[in-house]
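1. After the sequence you'll find the predicted model.
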Amino acid sequence: MTAPPETSPDPRTEQMKITVSKNGPYIVTGGVPLTTEEICVDDEGYCRSWKETKTYPLRQQYALCRCGHSKNRPFCDGTHAQIRFDGTEAGDREPFLEGAEITRGPSLTLADNKHLCIHAGFCHRAAGIWNLVKFSDSAARETAIEEACDCPTGRLVVYDNATGEAIGQDLEKSIAVIEDPDDGEYGPLWVRGGIPVISADGTPYEVRQRVTLCQCGRSKNRPFCDGSHTG
């Protein structure tokens, strides 16, 4: 089992990156597509899928709010300076697999890094992903893969035991603003496709296929979301 793979370099996207500015916004460069997506639930109330609700015009560079007080969210409007936002970063740099608990099943292996959880809720359907990976039937396998792939933070990664490769990790580089209309939440930024996130001091964080960045300003794991927006 290896760490989730990075996407192959693409000249059209290799300049994409997100830079955390000191006590200010995220500076997004390289023409990263930006959308808004909301969580959809099924008839039993389980988080089931994502629905794109808005596509923003493509821009080569833009600034996304990090303090949670912009009147032009998801974009920055300079309010962070007025409120003297303290955006000190506290995100740890432990590699994903070093902090993950491993559950091995007959056809899938689950790596679960609980530290990354933001309580999106996709992992509980059909007895939960932790039980599903222990089953050998194809329906359980398919549902486990769906739940892992819908997890926006990348907390949950499933590996094919036959190949040792992570499943569902080849994502298009993009950013989505997460919304949960049932809870009235304006959630984090869902960064997909292995876009590098660079600290304000110039140090890159581990490149992963899925990460969620805090947009409310309250996370104790900044720049990453820790679910504080739900509290």
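-> Okay, I see it. Numbers count the residues shown, from 1 in each chain.
2. mind giving me the domain ranges of the chain?
-> Domains of the chain are assigned by automatic domain parsing as 17-93+169-230, 103-160.
3. Which among the ones you listed is found nearest to Met1?
-> domain 103-160 (5.1 Å; Cβ to Cβ). From N, CA and C alone the C-beta is placed, and that goes for glycine too.
4. residues touching His124, list them.
-> When contacts are counted by Cβ atoms under 8 Å, 6 or more residues apart in numbering, His124 is found next to 46-47.
5. Need phi/psi at it.
-> phi -100, psi -10 (degrees, to the nearest 10).
6. Please tell me how far it sits from Arg84.
-> Counting by Cβ to Cβ, to the nearest Å, the gap from His124 to Arg84 is 39 Å.
7. follow-up on the earlier one: most tightly surrounded among the domains of the chain?
-> domain 103-160 (a mean of 19; mean count of other Cβ atoms under 10 Å).
8. just for this protein, where's the confidence low?
-> Within the chain, the stretches with pLDDT under 70 are 2-14, 180-186, 231.
9. longest single helix anywhere in it?
-> Assignment by DSSP state H gives helix 138-150 as the longest helix of the chain.
10. Can you name the next helix or strand after it?
-> strand 156-160 (DSSP states H and E).
11. State the paired neighbours of the helix or strand that that next one is followed by in the sheet, together with their directions.
-> Sequence-wise, the next helix or strand downstream of strand 156-160 (DSSP H and E) is strand 174-180. In the sheet, strand 174-180 lines up against strand 34-41 (parallel), strand 185-192 (antiparallel) (DSSP bridges).
12. So the residue nearest to Cys40 when sequence neighbours are not counted: helix, strand or coil?
-> Nearest residue to Cys40, sequence neighbours excluded (Cβ to Cβ, 6 or more residues apart in numbering): Ser49, at 4.7 Å. Recorded secondary structure, Ser49: strand (DSSP: H, G, I helix; E, B strand; the rest coil).
13. rewinding a little: I'd like the strands paired with strand 174-180 as CSV, with distance to Cys225 appended.
-> What follows is the strands paired with strand 174-180, written out as CSV (distance: least, Cβ to Cβ, whole Å):
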stretch, distance to Cys225
strand 34-41, 14
strand 185-192, 4
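14. Between the ones you listed, which one is closest to Ser138.
-> For Ser138, the closest of these is strand 34-41, at 24.0 Å, according to Cβ to Cβ.
15. The closest one: how far from the chain's middle?
-> 12 Å (Cα atoms, centre = their mean, to the nearest Å).
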